[in-house]
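Engineer: make a model of this:
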Amino acid sequence: DNAAWKQQHITVVARTATAFQEGVDAAWRHANMLAQTKPFVQIVGATGEYAELVNGLYELQLLDADGQPPAYRKHDNWQMWLYFAQDSSWWVSDAEHRNLFADEGFAHSAAVQAGTLPETAGEWVIHGSIHDCDAQKLEVMARSLAE
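Structural biologist: Okay, here's the model as predicted:
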């Protein structure tokens, strides 16, 4: 019967979506545990108009969001954040964009899988102006308090 088949299909899709979300949550829980062992991220090597906003030390912020990506605040400019955005990339941007998880700002990584921390995110793009983007080799390093 067609109605029974549709109900089974909906149930399978719902279970698959739930299992996928559980996997994503688990990946971020693991990433958060790793981030707490090295709660600072240092970015160096950005050049251009926004280099001063991008380069620097970012500190892990405990946002009490189980299964969510970590976020880091810039140590010398608390309006700047390093966060995981809705486009699955790490972004350096201001607090307003961070609160929206917006894929907009001054620099971003390549798109990555859930659970990937910024120091392993790969290639980064620095935005020089609204129409100018430049792939740059940034050093993005996780640091402990002792380093």
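
Engineer: look up how far Glu49 lies from the residue most central in space within the chain.
Structural biologist: Closest to where the C-alpha atoms of the chain average out (C-alpha atoms, centre = their mean) is Phe84, at 2.1 Å. Phe84 sits 24 Å away from Glu49 when distances are taken as C-beta to C-beta, to the nearest Å. To be clear about C-beta, it is placed using only N, CA and C from the backbone, and glycine gets the same treatment.

Engineer: ok, back up a step: and the pLDDT at the residue nearest to the centre of the chain?
Structural biologist: The per-residue pLDDT reported for Phe84 equals 96.

Engineer: surely it and Val92 touch.
Structural biologist: No - using C-beta atoms under 8 Å, Phe84 makes no contact with Val92, being 11.6 Å away.

Engineer: sketch out the low-pLDDT regions of this structure for me.
Structural biologist: Applying pLDDT under 70 to the chain picks out residues 1-20, 63-64, 128-134.

Engineer: so where do the strands sit in it?
Structural biologist: Listed in chain order, the strands of the chain (DSSP state E) span 40-44, 56-61, 71-74, 80-84, 90-94, 107-109, 124-129, 132-136, 139-143.

Engineer: so how far is Gly56 from Leu100?
Structural biologist: Taking C-beta to C-beta, one finds Leu100 at 22 Å from Gly56.

Engineer: kindly report the same for Thr47.
Structural biologist: Distance from Thr47 to Gly56, by C-beta to C-beta: 14 Å.

Engineer: please apply the same query to His97.
Structural biologist: His97 is 17 Å from Gly56, by C-beta to C-beta.

Engineer: now swap in Glu119 and tell me
Structural biologist: Distance from Glu119 to Gly56, by C-beta to C-beta: 14 Å.

Engineer: cool, Gly115 as well?
Structural biologist: 24 Å.

Engineer: do Gln42 as well
Structural biologist: Gln42 is 7 Å from Gly56, by C-beta to C-beta.

Engineer: please apply the same query to Glu139.
Structural biologist: 12 Å.

Engineer: nearest to Val24, out of the strands of the chain?
Structural biologist: Nearest to Val24 among these is strand 80-84 (11.2 Å), distances taken as C-beta to C-beta.
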